[in-house]
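S.K.: Here is my input; please provide its structure:
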Amino acid sequence: MTESLLAPRAHLPEFPSRRDWGIGVVGAGFIVRDCHLPAYREAGFPALAITSRTEATAREVAALREVPHVHPTLEAMLDDPRIEVVDVAVPPAEQPEVIRRIVGHPRKVRGILAQKPLALSLAEARELVEACEEAGIVLQINHNMRYDHSVRALRHLLDRRALGDPVLATIELRAIPHWMPWARDGRSLSTFIMSIHHLDTMRYWLGDPERVLASTRADPRTEFPHIDGINLVILEYADGARGSCWDDVWAGPAREGAGSDLGVRWRFEGTEGLALGTIGWPSWPRRRPSTIDYSTIRDAGAWHRPRWPQAWFPDAFAGTMAGLLLALESGREPDIAGRDNLRTIALCEAVLTAATEHRVVCFDEGGA
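M.R.: Numbering: from 1, shown residues only. Coordinates of the predicted model:
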């Protein structure tokens with residue numbers, strides 16, 4: 001059997017040489033409490049300050065995660081000369097205004113880590129990207145699935161062309177999400193909240209598609225009105241490759257008494273190899289590392305099955321912050337820059353259009 005084609009740290013992010021950046025966090029929900037802050041501390045760049053709409057919640061999270069400073073308002077935190085980077089972790093509809101307040105503040109921070117999607121429309125997202133550029137603030141987007149360890153390991157294999165030319169890539173989600181209250185009454189449910197992870201991952205692996213086909217239906221379990229519940233997406237690429245994302249948030253009547261079969265599985269077929277993976281997120285809050293198994297035509301039928309202790313939730317959240325800090329340290333563009341996110345948002349728009357208008361959509365017609 002040939003030796004592993006994965007470098008020992010291929011599944012891990014690169015970290016900046018400086019770890020003591022002054023990080024301020026906006027928001028104190030569970031994703032900050034249980035993912036951002038633990039991941040940052042483990043990586044060696046703990047948050048210096050936090051603020052939230054509800055100061056009592058911010059103080060509770062600060063005490064739990066050892067954040068030394070709690071500011072009553074965003075402006076008060078931005079006035080603090082120790083804050084160099086702001087991690088914005090608020091619901092999508094609220095995020096644009098928070099970013100505008102950061103950009104418009106007299107004291108400019110050096111960088112912003114924003115959640116995905118940057119905004120719920122391409123036009124507003126472009127406005128925010130341009131505002132950050134004009135203010136000289138580096139903008140990184142928290143597409144943390146790019147830092148899932150199996151997703152990253154596959155990208156390493158693709159960069160080495162270990163699997164040959166891409167033929168077919170699939171991501172299949174069978175999960176029952178807990179929709180947050182802010183998910184109600186938006187223009188999109190699954191596409192901009194759930195499918196965006198997998199659409200962005202396809203872009204990370206394969207680049208931008210030429211055409212998009214999509215079908216959606218409401219999820220029988222989700223009680224509030226919504227258009228896009230279960231999403232079925234096919235992506236067509238110029239080189240002949242095909243990608244598909246099957247996002248099934250019904251996943252059968254498991255909550256209603258039937259047995260369950262939940263999980264996130266991916267598969268990548270190339271002309272010279274095959275890779276299979278799982279993503280451990282549906283088990284959260286139980287920690288389950290993602291996995292990758294792969295074989296190439298040079299392996300005489302053998303499989304490589306590397307394993308690691310890190311898990312997408314919460315460890316991958318350190319990667320997106322590390323990408324921002326590396327950009328600030330080196331003067332280069334961040335690995336998931338705001339302008340790159342515009343193309344992921346355009347892909348989400350194409351999926352919505354294809355599904356609701358029942359037609360094939362050319363990716364470029366969105367104007368990303």
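S.K.: going forward, measure contacts between C-alpha atoms and count neighbours the same way
M.R.: OK.
S.K.: how much space between the closest residue in space to Glu55 that isn't next to it in sequence and Ala58?
M.R.: Leaving aside its chain neighbours, Glu55 sits nearest to Pro72 (6.0 Å; criterion: Cα to Cα, 6 or more residues apart in numbering). Taken as Cα to Cα, to the nearest Å, the spacing of Pro72 relative to Ala58 amounts to 9 Å.
S.K.: joint contacts of these two?
M.R.: Here Pro72 and Ala58 share the contacting residues 51-52, scored by Cα atoms under 8 Å, 6 or more residues apart in numbering.
S.K.: out of these two, which sits in the more crowded spot?
M.R.: Neighbour count, other Cα atoms under 10 Å: between Pro72 and Ala58, Ala58 has more, with 26 against 17.
S.K.: List the buried residues in the helix or strand containing that one.
M.R.: For Ala58, the element it lies in under DSSP states H and E is helix 55-65. For helix 55-65, the buried set under the neighbour-count rule, 16 or more other Cα atoms under 10 Å, comprises 55, 58-59, 61-62, 65.
S.K.: As CSV, these with distance to Ala251 and pLDDT would be great.
M.R.: Rendered in CSV, the data for these read as follows (distance: Cα to Cα, whole Å; pLDDT from 0 to 100):
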residue, distance to Ala251, pLDDT
Glu55, 38, 96
Ala58, 35, 98
Arg59, 38, 98
Val61, 33, 98
Ala62, 36, 98
Arg65, 34, 98
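S.K.: one step back: extract the C-alpha set from the helix holding Ala58 and format it as CSV.
M.R.: Listed in CSV are the C-alpha atoms of helix 55-65, where the atom choice follows Å, rounded to 0.1, in the frame of the first residue of the first chain:
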residue,chain,number,x,y,z
GLU,A,55,-25.6,43.0,29.1
ALA,A,56,-26.6,40.4,31.8
THR,A,57,-26.2,37.6,29.2
ALA,A,58,-22.8,39.0,28.2
ARG,A,59,-21.7,39.0,31.8
GLU,A,60,-22.9,35.4,32.3
VAL,A,61,-20.9,34.2,29.2
ALA,A,62,-17.9,36.3,30.2
ALA,A,63,-17.8,34.7,33.6
LEU,A,64,-18.2,31.2,32.2
ARG,A,65,-15.5,31.6,29.5
